[in-house]
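[1] need a 3D model of the sequence below.
(one chain, ligands or ions: 1)
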Amino acid sequence: PSTSDKVVGQIHTNNEVQVYGYSGNWVYGKSGNLTGYFSLSYLAKSAAKASRVMVIDAGHGGSDPGASGYGLVEKEVNLDVSLRVERMLKAKGINVLMIRRTDVFYSLDYRAAYGVKNGADAFVAIHSNSYTPGTSGSETFYSASVANDSKQLATFIQSRLYKAMEHPNRGVKEYDYRVLAANPLPAALVELGFLTNSGDASKLATSTYRERAASAIAEGIEDYY
Ligand SMILES: [Zn+2]
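    Numbering: from 1, shown residues only. Okay, the predicted model is just below:
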């Protein structure tokens with residue numbers, strides 16, 4: 001945000017800028033295909049729909065525990081990391097709608113429809129994995145059948161998550177999970193790591209790595225916006 005940096009483009013009178021944040025006399029935002037810093041001196045304020053409303057879906061809950069391993073239960077890990085993501089997104093000025101904040105169960109169709117019914121613009125589900133004991137790492141899924149931006153959302157999160165967890169990158173994968181394929185919003189499903197792997201599970205048992213995972217997800221969401 002300075003006049004000595006490279007000029008990436010121009011906007012004109014009546015072009016709209018979607019504002020994501022402020023830095024001194026500059027705003028960081030997007031106009032058409034341009035994303036960057038705009039001088040506040042040239043912008044006028046207008047009433048706009050509140051942007052950046054993210055749904056966080058802590059997978060499973062209540063009667064549905066999900067996976068388990070090494071004393072960890074998936075629904076509890078998912079919820080704890082989701083609540084950390086909520087706190088971090090709010091600190092970044094991103095609005096958050098939580099599918100659940102307690103140990104309760106909601107159907108996949110309820111979760112998939114929740115965002116669009118409540119004015120959100122994207123959706124992230126948080127899960128933990130299970131497979132053979134030797135399988136380790138994080139992966140993030142999207143469905144190609146609905147919103148175009150889902151793959152970007154998944155990629156931004158995954159590219160930070162496996163580094164934060166210091167375990168293998170299993171990549172960004174296309175799969176029509178119900179909460180993704182039945183969801184009209186850009187949507188991603190994060191698998192934090194394998195509860196059935198001793199290394200992943202021992203990390204996911206600690207607040208240090210839960211905080212690291214949540215921070216990676218929140219930053220990936222901010223990258224996406
Ligand atoms: Zn799950």
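
[2] could you tell me how far whichever strand or helix holds Asn78 lies from the centre of the chain?
    Using DSSP states H and E, Asn78 falls within helix 74-91. Centroid separation for helix 74-91 versus its chain: 11 Å, with Cα atoms, centre = their mean, to the nearest Å.

[3] next one: stretch 105-119
    Taking mean C-alpha positions (Cα atoms, centre = their mean), stretch 105-119 and its chain are 16 Å apart.

[4] mean confidence for it?
    Regarding stretch 105-119, the rounded mean pLDDT is 94.

[5] neighbours around Gly32, how many?
    11 (other Cβ atoms under 10 Å). Bear in mind the C-beta positions are built from the backbone N, C-alpha and C, glycine included.

[6] quick revisit: now do the helix holding Asn78: everything it contacts.
    54, 56-62, 64-68, 95-96, 98, 100-103, 124, 126-128, 130, 192, 195, 204, 210-211, 213-215, 217-218, 221-222 (Cβ atoms under 8 Å, 6 or more residues apart in numbering).

[7] please parse the chain into its domains.
    Taking automatic domain parsing as the domain assignment, the record places the domains of the chain at 10-48, 53-224.

[8] contact partners for Phe195?
    Rather than Phe, residue 195 is Leu. Ala67, Ser68, Gly69, Tyr70, Leu72, Glu74, Val77, Ser128, Asn129, Ser130, Ala201, Leu204.

[9] rerun at 7 Å
    By Cβ atoms under 7 Å, 6 or more residues apart in numbering, the residues touching Leu195 are Ala67, Ser68, Gly69, Tyr70, Leu72, Glu74, Ser128, Asn129, Ser130, Ala201, Leu204.

[10] ranking the residues you listed by neighbours, who comes first?
    Of these, with other Cβ under 10 Å as the count, Ser128 tops at 30 neighbours.
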